[in-house]
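# Got a sequence here, can you build the structure:
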Amino acid sequence: MKYKISKLQIFRHIIQIAFFVLLPSLYFLAFSQLKTIYIMILKGNYNFIQAFPQIFVAVVIFPITIYFGRFFCGWFCAFGSFNDFLYMISSKVFRTKFKITKRLDVGLKYFKYVVLVFVICVIWTKGNTLFDSTSPWDAFALITDFPSVISDYFIGFVLLGLITVGAIYIERFFCRYLCPLGAFFAITSKLRRIKVVKPTEKCGKCRVCTNNCAMGINLYKTEQVSSGECINCFKCIEVCPRANTKVIIKDENIDPVYASSMAIVAFVGFYVVSSGIGNIISKNNADLGNRTSNSKAPSTSSSNATTNKSAPPVSSFNSKYKDGTYTGSGTGFRPNLTVAVSIRNDRITKVEVVSINDNEQQPVSIVPQEIIQAQSTNVDAVSGATRTSNGIMNAVDDALSKAMA
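Got it, this is the predicted structure:
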């Protein structure tokens with residue numbers, strides 16, 4: 001049976017393109033914020049309110065995935081959409097044909113859990129930085145800045161190339177076999193309320209749904225799709241010649257367009273609200289940092305001048321700095337990150353990020369305040385935004401080098 005694209009799939013592809021253009025780094029943010037939550041739990045730091053600006057995407061995506069299922073993977077994730085579009089082009093234009101056996105497919109799907117365990121145990125728990133340049137999704141997020149990708153993420157770029165080749169021949173290649181975030185969602189989405197059902201007594205020997213499943217699930221064997229691999233693309237519903245496959249919520253049939261619209265509205269609504277809350281908390285944290293910094297700033301009185309002489313140096317160098325405002329540059333995810341650093345009485349009083357080409361905005365409000373409070377550039381990077389954080393620190397160091405007396 002020849003599959004003809006339906007209105008529902010056109011709707012899904014429109015949503016995919018919209019998220020691909022507007023929120024291309026959503027995958028990176030979700031995964032990095034999962035890391036942030038894990039590190040907080042590992043260290044026993046449960047101040048989630050203060051950390052909310054760093055985890056608000058996770059706060060939105062994870063509950064929605066638990067309730068609705070993996071709509072994030074099938075509808076919102078730019079990396080998943082990248083895999084979809086590659087396979088669509090290759091199958092329609094180049095007419096590539098490559099079939100992987102069901103047995104091998106099932107076995108390879110366990111590899112993404114190995115990747116997830118490796119990331120958690122080796123990279124997150126032990127803080128190993130050896131693999132910082134190997135991330136294919138980081139390379140994907142920076143692909144428009146090709147020179148930076150080659151210089152900073154060469155291994156990641158090579159892996160991205162291999163994933164691209166795999167996606168041309170196998171539908172959702174990365175999502176099926178390699179995605180650590182997909183492995184996490186495959187576990188949590190088993191609790192979902194939106195499910196796909198298909199009474200097998202009406203199917204006969206038909207395997208159209210199975211043959212068109214983007215994730216290679218053996219749908220013909222089950223009456224209810226309980227597999228965590230399901231990404232809610234609903235292609236199985238569209239191709240069923242007997243209208244046997246349906247979407248249910250609490251045993252009630254529901255239009256798949258309505259179900260997907262619910263998930264989209266829930267995600268966008270929670271994302272906007274959470275982003276607003278995150279900005280408010282971030283601003284309050286910044287204001288608190290400014291008040292703390294100002295309260296520690298020495299006055300011009302003689303007694304305070306003596307106190308200032310014993311104040312810790314701005315950096316590891318035991319030298320003095322001239323009063324004034326100095327600019328410095330560094331490289332985060334992309335070059336041309338510029339800061340303005342104000343010095344008064346040998347202390348940093350203000351750090352302002354003047355220009356930044358990165359998508360990561362959390363370090364912009366967090367790292368400068370940490371530098372001011374510590375009076376040092378040796379501060380913690382924002383989890384999930386290490387390169388941008390280090391870029392700000394390097395730019396401040398550059399500015400401080402110009403302020404040396």
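# When you work out contacts or count neighbours from here on, use the C-alpha atoms and nothing else.
Fine.
# show me where the stretch 251-400 of the chain has strands.
For the stretch 251-400 of the chain, the strands defined by DSSP state E, counting those that start in this stretch occupy 252-254, 324-330, 337-344, 347-355.
# any idea which of those is most buried?
Of all the strands of the stretch 251-400 of the chain, strand 337-344 carries the top mean neighbour count, a mean of 22, counting by mean count of other Cα atoms under 10 Å.
# who touches that strand?
Outside of strand 337-344, the residues within contact range by Cα atoms under 8 Å, 6 or more residues apart in numbering are 321-331, 348-357, 391-392, 395-396, 399-400, 403.
# Between strand 347-355 and that strand, find me the angle.
Interaxial angle, strand 337-344 versus strand 347-355 (axes from the mean of the first three to the mean of the last three Cα atoms, to 10 degrees): 160 degrees.
# Okay, now the sheet partners of strand 337-344, with direction.
Here strand 337-344 is paired, per DSSP bridges, with strand 324-330 (antiparallel), strand 347-355 (antiparallel).
# Give the rounded mean pLDDT of it.
For strand 337-344, the mean per-residue pLDDT is 89.
# before we move on, what about stretch 203-214?
Averaging pLDDT along stretch 203-214 yields 86.
# Please tell me I have it right and C179 contacts K112.
Yes - counting by Cα atoms under 8 Å, C179 does reach K112; the two are 5.5 Å apart.
# For the strands paired with strand 337-344, give me JSON lines that also has distance to Q224.
Output for the strands paired with strand 337-344, formatted as JSON lines (distance: least, Cα to Cα, whole Å):
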{"stretch": "strand 324-330", "distance to Q224": "53"}
{"stretch": "strand 347-355", "distance to Q224": "52"}
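# With distance to Q375 and mean pLDDT added, can I get those in a markdown table?
Below are the strands paired with strand 337-344 laid out as a markdown table (distance: least, Cα to Cα, whole Å; pLDDT from 0 to 100):
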| stretch | distance to Q375 | mean pLDDT |
| --- | --- | --- |
| strand 324-330 | 16 | 87 |
| strand 347-355 | 6 | 89 |
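# The ones you listed: which one's closest to W137?
Checking the strands paired with strand 337-344 against W137 by Cα to Cα gives strand 324-330 as the closest, at 22.4 Å.
# residues making contact with the closest one?
336-344, 391-392, 394-400, 402-403.
# and what of stretch 116-129?
Everything outside stretch 116-129 that qualifies as a contact, by Cα under 8 Å, 6+ apart, is 35, 39, 42, 131, 179-181, 183-184.
# avg pLDDT for it?
86.
# Quick check: buried residues in it?
For stretch 116-129, the buried set under the neighbour-count rule, 16 or more other Cα atoms under 10 Å, comprises 116-117, 119-120, 123-124.
# about what we covered before: columns distance to P147 on top of the strands of the stretch 251-400 of the chain, output as CSV?
As requested, the strands of the stretch 251-400 of the chain are exported to CSV (distance: least, Cα to Cα, whole Å):
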stretch, distance to P147
strand 252-254, 48
strand 324-330, 16
strand 337-344, 16
strand 347-355, 20
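# Can you say which of the ones you listed is nearest to T65?
Distance to T65, taken as Cα to Cα, is lowest for strand 252-254 among the strands of the stretch 251-400 of the chain, at 18.1 Å.
# Can you tell me which helices and strands that closest one packs against?
strand 246-249 (3 or more Cα pairs under 8 Å, 6 or more residues apart in numbering; DSSP states H and E).
# Which residues does the strand it packs on contact?
Strand 246-249 has contacts (Cα under 8 Å, 6+ apart) with 193-198, 237, 253-256.
# Going by neighbour count, which of these comes out on top?
With neighbours defined as other Cα atoms under 10 Å, the most crowded of those is I194; it has 25 neighbours.
# OK, contacts around that one?
When contacts are counted by Cα under 8 Å, 6+ apart, I194 is found next to 67-69, 247-250, 259.
# Check I170 too.
87, 98-100 are the contacts of I170 under Cα under 8 Å, 6+ apart.
# Enumerate every residue touching A214.
171-172, 233, 235 are the contacts of A214 under Cα under 8 Å, 6+ apart.
# Among the residues you listed, which one lies nearest to S275?
Checking those against S275 by Cα to Cα gives C233 as the nearest, at 26.7 Å.
# neighbours around the residue nearest to I371 when sequence neighbours are not counted, how many?
Distances taken as Cα to Cα, 6 or more residues apart in numbering place T377 nearest to I371, at 5.5 Å, with adjacent residues excluded. For T377, the neighbour count with other Cα under 10 Å is 22.
# Okay, T377 and A183: tell me how far apart.
Going from T377 to A183 by Cα to Cα, to the nearest Å gives 37 Å.
# ditto for E229
8 Å.
# I249 now?
Noted for I249: a distance of 24 Å to A183, by Cα to Cα.
# out of the two, which sits in the more crowded spot?
A side-by-side neighbour count of I249 and A183, using other Cα under 10 Å, places A183 first with 24 against 14.
# isn't that one right next to C73, touching?
No - here A183 lies out of contact with C73, judged by Cα under 8 Å, at a distance of 11.0 Å.
# Please name the nearest non-neighbouring residue to Y27.
Nearest residue to Y27 in three dimensions, chain neighbours excluded: C77, at 5.8 Å (Cα to Cα, 6+ apart).
# so what's that neighbour up against?
16, 19-20, 24, 26-27.
# let's see 10 Å
By Cα atoms under 10 Å, 6 or more residues apart in numbering, the contact list for C77 reads 16-17, 19-20, 23-28, 30, 71.
# So which of those residues is surrounded by the most neighbours?
Neighbour counts for these, by other Cα under 10 Å, peak at Q16, which reaches 24 neighbours.
# Can you list the neighbours in contact with the helix or strand hosting that residue?
Using DSSP states H and E, Q16 sits in helix 7-22. Helix 7-22 has contacts (Cα under 10 Å, 6+ apart) with 6, 23-26, 72-82, 84-85, 233-235, 237-238, 256-257, 260-261, 264.
# buried stuff in that helix?
Buried residues in helix 7-22, defined by neighbour count with 16+ other Cα under 10 Å: 8-9, 12-13, 15-17, 19-20.
# So which elements touch the helix or strand following that helix?
Downstream of helix 7-22, the first helix or strand assigned by DSSP H and E is helix 26-43. Under the contact definition 3 or more Cα pairs under 10 Å, 6 or more residues apart in numbering; DSSP states H and E, helix 26-43 sits against helix 52-68, helix 78-89, helix 136-141, helix 180-188.
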